[in-house]
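Visitor: Got a predicted structure plus its sequence, pasted below:
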Amino acid sequence: VQSAPLYAGLHLDSQAEAQLRASIDGVLSEELRQRVEAHLRDKKRRLHVTLWHVQRDSMAALSQLRAAEGRRVGIELCAVAADEVCVAVSVRVLPAEDGQQVACYNEHPHITVWCQPGRAVHSNELLAQALGGGGGGEAAGAVALLDLPERTRVWGSVSLHYS
């Protein structure tokens, strides 16, 4: 019996990360840009869209993602949400290269590009407030929602992570 992963995600490669950085650079304040750059310099951090999380989603939902492991999936960058705790890019998960749709069980799909240590889950609350969907928590301070002037499409690969 295979153990459950901690999460399943769409991980961006270095080319996709560079495209994301270029896409959001023009809408971030200098302060936020510096926070994001410092955060992303840590090579252990890989930008990703969380598709499924063990603490939030059902085990039944995981089977489709196991079958999609390794598949390249399109990701459309839509907007940037920011507060004093984190910066997240709202995204739309597009079909895979083979035309198949890969499920995303996160109510507000996104890529967290900066957060205070230990606060990554806050990005879900931030997006819920910024996009008007309510949410179980509160964003910290004023929330900025910045539309990206051009919708950029990048690619991510489905992978399961056990730690």
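Guide: Nice, thanks for sending it over.

Visitor: Only C-alpha atoms from now on, for both contacts and neighbour counts.
Guide: OK.

Visitor: Now do the contacts for Arg46.
Guide: By C-alpha atoms under 8 Å, 6 or more residues apart in numbering, Arg46 lies in contact with 11-12.

Visitor: Please name the bridge partners of the residue most central in space within the chain.
Guide: Residue closest to the average C-alpha location in the chain (C-alpha atoms, centre = their mean): Ile111, at 2.1 Å. Going by DSSP bridges, Ile111 is paired in beta bridges with Val49, Val89.

Visitor: ok, now how distant is it from Ile24?
Guide: 12 Å (C-alpha to C-alpha, to the nearest Å).

Visitor: got it, and Glu107?
Guide: From Glu107 to Ile24 the distance is 22 Å (C-alpha to C-alpha).

Visitor: So between those two, which is more surrounded?
Guide: Neighbours were counted for Glu107 and for Ile24 using other C-alpha atoms under 10 Å; Ile24 has more, 22 against 12.

Visitor: then the one helix or strand that one maps to to PDB, C-alphas only?
Guide: Following DSSP states H and E, one finds Ile24 within helix 14-25. Taking Å, rounded to 0.1, in the frame of the first residue of the first chain, the C-alpha atoms of helix 14-25 are listed here in PDB:
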ATOM      1  CA  SER A  14      13.000  27.400 -14.500                       C
ATOM      2  CA  GLN A  15      11.600  28.800 -17.900                       C
ATOM      3  CA  ALA A  16       8.100  29.000 -16.500                       C
ATOM      4  CA  GLU A  17       9.400  30.600 -13.300                       C
ATOM      5  CA  ALA A  18      11.200  33.300 -15.300                       C
ATOM      6  CA  GLN A  19       8.000  33.900 -17.300                       C
ATOM      7  CA  LEU A  20       6.000  34.300 -14.100                       C
ATOM      8  CA  ARG A  21       8.500  36.700 -12.600                       C
ATOM      9  CA  ALA A  22       8.500  38.800 -15.800                       C
ATOM     10  CA  SER A  23       4.700  38.800 -15.900                       C
ATOM     11  CA  ILE A  24       4.200  40.000 -12.300                       C
ATOM     12  CA  ASP A  25       7.200  42.400 -12.100                       C
END
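
Visitor: Before I go, just wanted to say thanks for your time.
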